[in-house]
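Colleague: quick one: sequence and predicted model below, then my questions.
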Amino acid sequence: MSILSLQSVSKSFGALTVTNDASFDVPQGQALGIIGPNGAGKSTLFNLITGNIRADQGSIHFEGRDVTKVSAMERCLTGIGRSFQIPQPFGKMTVYENLLVAATHGRNMSEAAVRDDCAEVLERTELIAQANRPAGQLSLLERKRLELSRAMATQPKLLLLDEIAGGLTEGECQALIRTIKDIHAQGVTIIWIEHVLHALTSVVERLLVLDFGKVIGLGDPEEIMASREVREIYLGIDV
Amino acid sequence: MAYSVTIQTPASRIAALLGIVVIVVLIALPFFAGRSTIQDMFFILTMLVLAQFWNLLAGYSGLVSIGQQALVGIGAYALFGAVILWGVDPVPAILFAGIAALVIAVPTAFFAFRLNGAYFAIGTWVIAEVVRLLVAQWKTLGGGTGTSLPRDATRDMWFVDLIKETLDVRSAAARDILAYWLALVLALVTIGCIYWLLRTRRGLALAAVRDNTQAAESVGVDAGRMKWIVFLSSAFGTGLAGGLIYMQKARISPDAAFSVTDWTAYVIFIVVIGGIGTIEGPILGVLVFFALQSLLADFGSWYLMTLGVLAIAIMLVAPRGLWGLVSERTGLHLFPIRRRLSGGRLKLEEK
């Protein structure tokens, strides 16, 4: 059964069509990677799925329910979690409080009930030592980890990761991949936008290629990466 | 290993004890202080209430209102209306003041929430002016020239006789003492409720919305509802304060009750110099404001210019206000809200 289903979703900003008739399904428990050149509309696609922006046309179903017109806040409560491409921490709050907001509101539970869960997420994402530091003081890697941790604190069924490996060193990247694999192994469905291709292909089972807002390829990562169309458009290689 | 969360600090425990002493002294004040001290304290406490609510709006929710005078004015007029038209005793009539402000806040929020930032600020000011002009048409309550509370209403006010006998003072002094005690209760309840709110998960949501609204919504925070909660509760409290202030004055006019200088500009000054976004800030700010007012009272318009220059200077030098300076230097928080995680792996890390 597919956990997420997009049918003919379109979005324009003025004359610019950023998402053009996108349709695809994500089966429960799968890890799907999204690639495409800059400006292909990848982050917009995420914003459409999370409800941060609304689709002009088409419909989005999550767990069989039509969520096309549902707010970002409610979509989080139904089980869609996300990280932002540019980390957006609650800068004046501590790392632990960042997770606490997400857990208490995203799961609609009391602070006491989610305390250990939040601490456990911080342990898994290796941020526990930073728990009491203001989030605004974190390094880039730590901010990326916080994005992931905060999304995890809502206990999502579907986790959207937006270029979470970008800008990290190779060692940092490998550590992050381990964490994401660990999350995926627990049955969380993942959609991951990433330019760091080796990181992406080491985790995802399926790859979607976006160009000018259109889905131009969807399938097995190896086949997709080998296809002429993708190499031409995405990698800029003249074949 | 188990984790635990603490909010209190050793300093805040000492502060809480000192706070209790201060509260006891304030309650007992009428037994040993003169009438002018009581009147000054009434002024300080009511301004503190207004400042705490404006701070809740602007400092915690980013709703910079410059129309607080609408709520003070409507609260004051509701109290006069209830006393003059329906013969309600002035003390319970204060509740009408709060409710009237709440009622006016609903349509205000409906329109003003469509505006952001500076537009929201201007919008609230415009609405306040509209309300002032409408109230000035209300002939039964004196129209543009205003009116006074009827003499028998103030004479027979609840508790006044009791205070007169217990403290052996004249009626006018007894009314001031009553107003002072009510202001003290209102200020303590206001600070208590705001502190409680900030320590609940709604307080976390407020802080998250202030830091980043989009991210807050993405983790399940209902940002719109938080705005409504804050706007309506601060309207109710500001209305109560307005009713109480004019119960003590016993005389009202639209220009005074809807004064943008008295009920919004001074209030903003108090919060800005004290420290926006903290509970301690307005407390410190109101004391500084009162000191300046006492010192400069004889200098007329120089007084206002001094306030303005001082506010600008503090915004430039210490954007987080005087309390911001103090807590930066000392790490002191009288009303801590930070949740500190300890135990578990953190304990190992410390070792």
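Modeller: Sure, I can see it. Residues are numbered from 1 along each chain as shown, chains lettered A, B, ... in the order given.
Colleague: for stretch A:68-86, measure first residue to last.
Modeller: Taking CA to CA, to the nearest Å, stretch A:68-86 runs 25 Å from one end to the other.
Colleague: all strands for chain B, in order.
Modeller: Counting by DSSP state E, chain B has strands at residues B:3-6, B:147-148, B:251-252, B:340-343.
Colleague: then chain A?
Modeller: Under DSSP E, chain A gives strands at A:2-13, A:16-27, A:31-35, A:57-62, A:65-66, A:80-82, A:158-162, A:189-193, A:206-211, A:214-219.
Colleague: in JSON lines, list those strands along with mean pLDDT, distance to chain B and mean neighbour count.
Modeller: Placement of C-beta: from N, CA and C, glycine included. Converted to JSON lines, the strands of chain A look like this (pLDDT from 0 to 100; distance: least, CB to the nearest CB, whole Å; neighbours: other CB atoms under 10 Å in any protein chain shown):
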{"stretch": "strand A:2-13", "mean pLDDT": "94", "distance to chain B": "16", "mean neighbour count": "18"}
{"stretch": "strand A:16-27", "mean pLDDT": "93", "distance to chain B": "17", "mean neighbour count": "18"}
{"stretch": "strand A:31-35", "mean pLDDT": "95", "distance to chain B": "18", "mean neighbour count": "24"}
{"stretch": "strand A:57-62", "mean pLDDT": "95", "distance to chain B": "14", "mean neighbour count": "18"}
{"stretch": "strand A:65-66", "mean pLDDT": "94", "distance to chain B": "17", "mean neighbour count": "10"}
{"stretch": "strand A:80-82", "mean pLDDT": "95", "distance to chain B": "6", "mean neighbour count": "29"}
{"stretch": "strand A:158-162", "mean pLDDT": "95", "distance to chain B": "10", "mean neighbour count": "25"}
{"stretch": "strand A:189-193", "mean pLDDT": "96", "distance to chain B": "15", "mean neighbour count": "24"}
{"stretch": "strand A:206-211", "mean pLDDT": "92", "distance to chain B": "21", "mean neighbour count": "22"}
{"stretch": "strand A:214-219", "mean pLDDT": "90", "distance to chain B": "24", "mean neighbour count": "17"}
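Colleague: what's the closest of those to B:A15?
Modeller: With CB to CB as the measure, strand A:80-82 is the member of those nearest B:A15 (38.9 Å).
Colleague: please name every helix or strand in contact with that closest one.
Modeller: For strand A:80-82, the elements it packs on are helix A:42-50, helix A:140-153, strand A:158-162, judged by 3 or more CB pairs under 8 Å, 6 or more residues apart in numbering or on different chains; DSSP states H and E.
Colleague: quick one: the shortest one to strand A:2-13, angle?
Modeller: Taking axes from the mean of the first three to the mean of the last three CA atoms, to 10 degrees, one finds that strand A:158-162 is oriented at 40 degrees with respect to strand A:2-13.
Colleague: contacts for strand A:158-162, please.
Modeller: A:3-4, A:26, A:42-43, A:46, A:49-50, A:62, A:79-85, A:148, A:151-152, A:180, A:183, A:188-194 (CB atoms under 8 Å, 6 or more residues apart in numbering or on different chains).
Colleague: same question for the second one.
Modeller: For helix A:140-153, the surrounding residues in contact (CB under 8 Å, 6+ apart) are A:81-84, A:87-89, A:95, A:98-100, A:102-103, A:106, A:114, A:117-118, A:121-122, A:124-127, A:130, A:135, A:138, A:159-161, A:164-165, A:167-168, A:172, A:176, A:179-180, A:183, B:215, B:219.
Colleague: how near is B:T264 to B:E129?
Modeller: 12 Å (CB to CB, to the nearest Å).
Colleague: those two - which one has more neighbours?
Modeller: Using other CB atoms under 10 Å in any protein chain shown, the more surrounded residue of B:T264 and B:E129 is B:T264, with 25 against 14.
Colleague: just checking, that one touches B:I66?
Modeller: Yes: between B:T264 and B:I66 a contact is recorded at 5.2 Å, counting by CB atoms under 8 Å.
Colleague: just to revisit the earlier point, out of the contacts of helix A:140-153, which sit inside helices?
Modeller: A:95, A:98-100, A:102-103, A:106, A:114, A:117-118, A:121-122, A:124, A:172, A:176, A:179-180, A:183, B:215 (DSSP state H).
Colleague: which among the residues you listed end up buried?
Modeller: A:95, A:98-100, A:102-103, A:106, A:114, A:117-118, A:121-122, A:124, A:172, A:176, A:179-180, A:183, B:215 (16 or more other CB atoms under 10 Å in any protein chain shown).
Colleague: name the nearest residue to residue 69, sequence neighbours excluded.
Modeller: Went with chain A since none was named. A:R54 (7.2 Å; CB to CB, 6 or more residues apart in numbering or on different chains).
Colleague: actually it's chain B I care about, not the one you picked
Modeller: B:W263 (4.0 Å).
Colleague: what sits against A:N108?
Modeller: A:L77, B:G220.
Colleague: tell me the phi and psi of it?
Modeller: The phi and psi values for A:N108, taken as degrees, to the nearest 10, are phi 50, psi 50.
Colleague: burial measure for the nearest residue to A:G187 once chain neighbours are set aside, as a count.
Modeller: In this structure, A:G187 finds its nearest non-sequential neighbour in A:G29, 5.6 Å apart by CB to CB, 6+ apart. When counting by other CB under 10 Å, one arrives at 15 neighbours for A:G29.
Colleague: ok, now B:L17?
Modeller: B:L17 has 10 nearby residues by other CB under 10 Å.
Colleague: ok, B:I229 next?
Modeller: 16.
Colleague: tell me the pLDDT of the spatially closest residue to it that is not a sequence neighbour.
Modeller: Excluding its sequence neighbours, the residue lying closest to B:I229 (CB to CB, 6+ apart) is B:R202, at 7.1 Å. As predicted, B:R202 sits at a pLDDT of 94.
Colleague: helix or strand with the lowest mean pLDDT in chain B?
Modeller: In chain B, the helix or strand scored least confidently by mean pLDDT, DSSP states H and E is helix B:344-350, which has a mean of 74.
Colleague: so, low pLDDT: which residues of the chain?
Modeller: Because you didn't say which chain, this covers chain A. A:234-239 (pLDDT under 70).
Colleague: oops, chain B please
Modeller: Looking at chain B by pLDDT under 70, you get B:1, B:348-351.
Colleague: how about the residues of it by chain A?
Modeller: Counting by CB under 8 Å from any CB of the partner chain, the positions of chain B adjacent to chain A are B:2-5, B:201, B:204-205, B:207-208, B:210-212, B:214-223, B:338-341, B:344-346, B:349.
Colleague: swap the cut-off to 6 Å and go again
Modeller: B:3, B:5, B:201, B:204-205, B:207-208, B:211-212, B:215, B:217-222, B:339-341, B:344-345, B:349 (CB under 6 Å from any CB of the partner chain).
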